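Chemist: got a structure for you, letters missing:
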């Protein structure tokens, strides 16, 4: 997942916790992730943990965003 407007100190390899809420999400999603890359104020994150309730919400969100 790519994020924009992140803090300047978020660097590749760093563990972070990401909270996504609002929009089409029925509930907030909180995941542990690692910064995979950084370009300016954008980073790509790879999830390292995802609880069983958040998994289906993330899959649905990503599916809609890809359309």
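Modeler: Structure's in. What do you need? Since we're looking at a predicted model, the values are computed, not measured.

Chemist: can you pull the buried residues of the helix or strand of the chain with the lowest mean pLDDT?
Modeler: Least confident helix or strand, the chain: helix 54-65 with a mean of 75, by mean pLDDT, DSSP states H and E. Buried residues in helix 54-65, counted by 16 or more other C-beta atoms under 10 Å: 54, 57-58, 61. (Glycine included, C-beta is placed from N, CA and C.)

Chemist: what is that helix packed up against?
Modeler: Packing contacts for helix 54-65, counted by 3 or more C-beta pairs under 8 Å, 6 or more residues apart in numbering; DSSP states H and E, involve strand 29-39.

Chemist: what packs against the strand it packs on?
Modeler: Counting contacts by 3+ C-beta pairs under 8 Å, 6+ apart, strand 29-39 packs against strand 15-20, strand 42-49, helix 54-65.

Chemist: okay if I get these as TSV plus distance to residue 1?
Modeler: Converted to TSV, these look like this (distance: least, C-beta to C-beta, whole Å):
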stretch	distance to residue 1
strand 15-20	8
strand 42-49	5
helix 54-65	8
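
Chemist: looking at the ones you listed, spot the one closest to residue 6.
Modeler: For residue 6, the closest of the helices and strands packed on strand 29-39 is strand 42-49, at 5.2 Å, according to C-beta to C-beta.

Chemist: and that closest one, which residues are buried?
Modeler: Buried-residue list, strand 42-49, by 16+ other C-beta under 10 Å: 43, 45.

Chemist: quick one: distance of that strand to the chain centre.
Modeler: 6 Å (C-alpha atoms, centre = their mean, to the nearest Å).

Chemist: just grab the bridge partners of residue 35 for me.
Modeler: Beta-bridge pairing for residue 35 (DSSP bridges): residue 45.

Chemist: make sure it is actually in contact with residue 14.
Modeler: Yes: between residue 35 and residue 14 there is a contact under C-beta atoms under 8 Å: 4.8 Å.

Chemist: which ones are touching residue 45?
Modeler: 1-3, 16, 18, 33-36 (C-beta atoms under 8 Å, 6 or more residues apart in numbering).

Chemist: can you tell me which of these has the most neighbours?
Modeler: Using other C-beta atoms under 10 Å as the neighbour criterion, residue 33 leads those with 20 neighbours.
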